[in-house]
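>>> This is the structure alone, sequence omitted:
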C-alpha cells in the first residue's frame with residue numbers, strides 16, 4: 001500500500017496503446033521527407049514529435065514538419081486501444097486528483113482520448129505546453145502544479161525510461177508499467193507493475209491510497 005495526494009499519468013503506453021498508428025505515421029512522414037530507410041524507422045518512445053522532427057530533418061521548418069506528422073497521426077486511429085484496467089481506474093479517481101502529462105500535442109491527445117472513449121481530464125500537460133520535454137522534469141513539475149501539489153506529493157505513472165527519468169528528476173515517485181519497455185529499462189522506477197489491471201486506488205482523506213502488485 002502506497003499513499004499519495006495526486007497521480008500524473010503518461011498517455012501512450014500507460015492509458016492507451018497507439019504503437020501501430022505511431023509506427024505507420026512516422027514511417028509515412030519519414031518517407032515524405034526522404035529519411036533514409038524510412039520503411040523501418042522506429043521512433044524513440046516518449047520523445048516529443050517536435051524534437052523528433054528536428055533530429056531527423058534539422059534543415060526544415062520544424063513547426064511545418066510537426067503539423068504534417070500531427071495531421072497524419074490524427075487520421076490514423078485504426079488499432080488504437082485502451083490498456084487493461086485503465087477505464088475502471090480513471091473512473092474511480094476524483095477529477096481534481098489526477099492529470100495526464102504526455103509527449104503528444106494537445107490536439108492529438110484530445111483526439112486519441114476521444115477515439116479510445118476515455119474521459120478528457122480537467123488537467124492536462126501536453127507537448128506544446130512546455131518548453132522542454134521529457135526526460136526534463138518540466139512536464140511533471142507543471143503537472144503537479146495543476147493539481148496544486150508539489151512533485152514529491154505526486155506519483156508519476158510511466159512506461160518509458162525518458163518519462164521515468166522526468167518523474168524522478170521532478171522529485172516524484174514513479175510507478176513503471178511494463179509493455180513498451182523491459183523491467184531493466186524501467187529500473188529507475190520506484191515500483192513496476194505488469195499493467196494497471198487489478199490495481200486499486202481509493203480516496204483516503206485528502207489523498208489517495210494505492211494498492212498494487214509490483215513485479216519489482
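Ah, there it is. Since we're looking at a predicted model, the values are computed, not measured.

>>> Tell me how many other residues surround the residue nearest to residue 9 when sequence neighbours are not counted.
Nearest residue to residue 9, sequence neighbours excluded (CB to CB, 6 or more residues apart in numbering): residue 157, at 4.8 Å. Using the backbone N, CA and C atoms, a C-beta is placed for each residue, glycine as well. Using other CB atoms under 10 Å, residue 157 has 27 neighbouring residues.

>>> what are the phi and psi angles of residue 157?
Main-chain torsions, residue 157, degrees, to the nearest 10: phi -120, psi 120.

>>> Report the contact partners of it.
7, 8, 9, 10, 14, 174, 175, 177, 196 (CB atoms under 8 Å, 6 or more residues apart in numbering).

>>> Restricted to strands, list those residues.
Counting by DSSP state E, the part of the contacts of residue 157 found in strands is 7, 8, 9, 174, 175, 177.

>>> so what's the third one up against?
Yep, that's residue 9 we're talking about. Residue 9 neighbours (CB under 8 Å, 6+ apart): 15, 98, 99, 100, 101, 157.

>>> Of those residues - the most surrounded one?
Counting by other CB under 10 Å, top hit in those: residue 101 with 33 neighbours.

>>> That one pairs with what?
residue 125 (DSSP bridges).

>>> What's the local residue count around the closest residue to residue 85 other than its chain neighbours?
In space, and not counting its chain neighbours, residue 85 is closest to residue 197: 3.3 Å by CB to CB, 6+ apart. Applying other CB under 10 Å, we find 12 residues neighbouring residue 197.

>>> same check, this time on residue 96
By other CB under 10 Å, neighbour count at residue 96 equals 13.

>>> Could you measure from it over to residue 120?
Noted for residue 96: a distance of 14 Å to residue 120, by CB to CB, to the nearest Å.

>>> And residue 22, by the same measure?
Residue 22 is 20 Å from residue 120, by CB to CB.

>>> Pick out whichever of those two has more residues nearby.
When residue 22 and residue 120 are compared for neighbours, residue 22 comes out ahead with 21 against 10, by other CB under 10 Å.

>>> That one and residue 187: what is the separation?
24 Å.

>>> Tell me the first helix or strand C-terminal of the helix or strand hosting residue 64.
Element membership of residue 64 [criterion: DSSP states H and E] is helix 62-75. As assigned by DSSP H and E, the chain's next helix or strand after helix 62-75 is strand 81-82.

>>> which other residues reach that next one?
Outside of strand 81-82, the residues within contact range by CB under 8 Å, 6+ apart are 15, 16, 17, 116, 117, 118.

>>> hmm, back to that, now, which of the ones in strands among the contacts of residue 157 sits nearest residue 216?
Set against residue 216, the nearest of the ones in strands among the contacts of residue 157 by CB to CB is residue 175 (11.0 Å).

>>> give the contact list for that closest one.
Contacts of residue 175 by CB under 8 Å, 6+ apart are 155, 156, 157, 158, 189, 190, 191, 192, 193, 210, 212.

>>> Reformat these as JSON lines; add distance to residue 112.
Listed next are these as JSON lines, based on distance: CB to CB, whole Å:
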{"residue": "155", "distance to residue 112": "23"}
{"residue": "156", "distance to residue 112": "20"}
{"residue": "157", "distance to residue 112": "17"}
{"residue": "158", "distance to residue 112": "17"}
{"residue": "189", "distance to residue 112": "24"}
{"residue": "190", "distance to residue 112": "27"}
{"residue": "191", "distance to residue 112": "26"}
{"residue": "192", "distance to residue 112": "24"}
{"residue": "193", "distance to residue 112": "22"}
{"residue": "210", "distance to residue 112": "25"}
{"residue": "212", "distance to residue 112": "25"}
